[in-house]
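[1] Below is the sequence, then the predicted model.
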Amino acid sequence: MIRINRHRIWQLFADAGLIALAWWLAFELRFDKGPPVYYDTLFRRAILVVVGIKLAVFVVSGFYDRWWRYVSTRDMWRIVYGVALASILAYVAVYLISPVPTVKLPRGIAALDLLLTLALIAGSRLLARTLMERPTRALIARGKEVLVIGAGDAGQLVIRELQRNPQLGSTPIGLIDDYRRKKNLRVHGVRVLGTTFDLPHILRDNKPDEVLIAIPSAAGEVRQRIVNMTREGNVPVKTLPGLYDLISGESELATQIRPVQVEDVLGREPVEVDLEASASYVRDQTVLVTGAGGSIGSELCRQIARLGPQRLVLVDQGETALFEIERELVDERGFAAAVPVLGDCKSRTKMRQVFERYKPAVVFHAAAYKHVPLMEANPLESVRNNAVATRVVAEAAIDFGARRFVLVSTDKAVNPKTVMGQSKALCEWIVEAYGAREDITTRFVAVRFGNVLGSSGSVIPIFRRQIAKGGPVTVTHPEMTRYFMTIPEAASLVIQAGAIGGRGDVFVLDMGEPVRIIDLAMQMIRLSGKEPERDIDVQVVGARPGEKLHEELWGPGETAVATPHPKIMRVSGPIVDTVWLQEALAELERLVREGDTLEVVTRLSGMMRSPRLLEARPAVYADEEDTLSGQKLS
């Protein structure tokens, strides 16, 4: 049964009047001195039939499922098809019914009626949109004057939104675009003033209240150049988020405008991942994510939910974080198949209960402790929560027939100097060792990457808090560098790597060029509207115990080889002996239970110094046919 929203009833009555008007005008225009009596009789007897049939076709064609103020080009074509179909059916009905037996409907009247109906129906909607979007003089007088950078699709959407929503309190006064042929052209009545290289003198001649970067795909160096020029002109600058945030955002475009952040200007090119094409291994499957409330775990959940899993099991030992991601998925993103499980990955009993109940086909193990100073002070918990928990979850995945196990690792596992790095190196060994066993059908994959911008414990939130307090901003060493990646990029590449992984592969993500931490601090201070040293001090406090100046993505005995994805490399090198690792892990777990901190640290360091290794093995990648087979790879 077709229903019409009660708020659209007035549209139906308006269309009925327009259809009747077109029918009357067709008769009047066809005859110079008015229609003869017999055609006038045909007009009066057929008008209800014509109006009724056309309205019925309009309803079926979905004319009343759309707001007139948002009518688009696609809607216009739908109107053309609907009006043409409705007119043809109405004329056939008039011919068959023959209200005046001796009089047939003239072809000229039919043609005029079709054109008039199309003009009135389409024109009424265009008029409604024009009136709705027309900016008022009061808005121009009161609103902030905004210079929009980017005359592409995002820029024109922002301009249209600013013009038709007075409550936003902003008026676009000009556009900037690096495509020189666009200069002096107008977008929604706003002129393109020049390119970004003309920005300094444009800011002097037409100083706006605010500059808005409306280029979601802009590289970091482009944003940085714009920010530098606007800072020199003492003009605030805002931006649209990057492509990942923009695509996953649920709100309107204009509401996503925010101040420029350091993530926007680091200079990294955004990594493009076609999740739909690569992540068929999670579609219609039960997927389990450990650490689901954390920075990486929660973003994994968001992206996996969009790929159509049958069920998504969220495991976390933090009650609040677990509650928030479950509510976000269900309430805000409409993914009702999210199952929150409050549990500890270190508990064999709990994990076996979870796997026995839900039988996940794919496991993403993101749960880990990662704060280096805390782990140095609490080595037992570092080993327990990282290494022991990984072994527990991996064994449960094997025992209950999971097809794929993906470990989220870190560059600190390479040539590790801290307890946290050593415990994560153990996690990678577990993945490699289980993946190399011929008697196990579960495919094991580890994904290694560097710092994730904005994640809990990363340096950026720390710098933000220090800047908010007025400083000082503390840097451990002036030459210290780190690799950085955004949370959505990291999560999407983890999912991608899970699709191409074979037997115990360790993958490294292309992190771009390393960034000096002191440069990062300077950029953040300037983005806050202040100057380093003049407004906020930058203090060098010295490296912490075990902290490396430069992180590595692969170690001395490893080499990085290409994979089917250009931004993902496979680490090729010798793997640890499975029997030796099982014995060493069992002994390490016993020492953790007994609480022997000194012996745990000593044993862990010894394992890192002299592991029992096997020969390196060739890379094996899952192809499209056997991605979900669970059989031994050839």
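    Sure thing, it's come through. Numbering: from 1, shown residues only.

[2] Which strands or helices does the longest helix anywhere in the chain pack on?
    Counting residues, the longest helix in the chain under DSSP state H turns out to be helix 107-133. On a contact count with 3 or more CB pairs under 8 Å, 6 or more residues apart in numbering; DSSP states H and E, helix 107-133 meets helix 9-30, helix 73-97, helix 153-164. The way it works is simple: take the backbone N, C-alpha and C, and place the C-beta from them, glycine included.

[3] ok, and which of those has the densest surroundings?
    Of all the helices and strands packed on helix 107-133, helix 153-164 carries the top mean neighbour count, a mean of 20, counting by mean count of other CB atoms under 10 Å.

[4] quick one, that helix and helix 107-133 angle?
    Helix 153-164 and helix 107-133 meet at an angle of 80 degrees, taking axes from the mean of the first three to the mean of the last three CA atoms, to 10 degrees as the criterion.

[5] Remind me what helix 153-164 packs against, helices and strands.
    Counting contacts by 3+ CB pairs under 8 Å, 6+ apart, helix 153-164 packs against helix 107-133, strand 144-149, strand 170-176, strand 186-187.

[6] Other residues contacting the third one?
    When contacts are defined by CB atoms under 8 Å, 6 or more residues apart in numbering, strand 170-176 is touched by residues 135, 139-140, 143-151, 155, 158-159, 162-163, 182, 187, 190-196, 198-199, 202, 206, 208, 210.

[7] what does the second one give?
    Contacts made with strand 144-149 from outside it, assessed by CB under 8 Å, 6+ apart, are listed as 155, 158-159, 162, 169-177, 190, 193, 196, 199, 202-203, 206, 208-215, 226, 235.

[8] Please check the residues you listed and keep the buried ones.
    155, 158-159, 162, 170-177, 190, 193, 196, 199, 202-203, 208, 210-215, 226, 235 (16 or more other CB atoms under 10 Å).

[9] thinking again about what came up before, as CSV, the helices and strands packed on helix 107-133 with distance to residue 466 would be great.
    Below are those laid out as CSV (distance: least, CB to CB, whole Å):
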stretch, distance to residue 466
helix 9-30, 56
helix 73-97, 50
helix 153-164, 33
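
[10] hey, least reliable of those helices by pLDDT?
    Out of the helices and strands packed on helix 107-133, helix 153-164 stands lowest, with a mean of 78 (criterion: mean pLDDT).

[11] now that one, how far from the centre of its chain.
    21 Å (CA atoms, centre = their mean, to the nearest Å).

[12] let's number from 25 now, not from 1
    Got it, the first residue is 25 from now on, which makes the last one we talked about helix 177-188.

[13] and it with strand 168-173, angle?
    170 degrees.

[14] contacts for stretch 220-234?
    168-171, 173, 194, 197-198, 200, 202, 217-218, 235, 246, 249-250, 253-254, 256-257, 259-262.

[15] for that stretch, how far is the first residue from the last?
    This stretch, stretch 220-234, spans 15 Å end to end (CA to CA, to the nearest Å).

[16] Where does the prediction get shaky in the stretch 75-224 of the chain?
    89-96, 153, 156-167 (pLDDT under 70).

[17] give me that answer again for 90
    Low-confidence segments of the stretch 75-224 of the chain (pLDDT under 90): 75-108, 110-138, 140-142, 144-224.

[18] One more: the stretch 325-474 of the chain?
    Along the stretch 325-474 of the chain, the parts satisfying pLDDT under 90 run over 327, 330-332, 355-358, 392-401, 403, 433-446, 449, 456-457, 459-465, 470-474.
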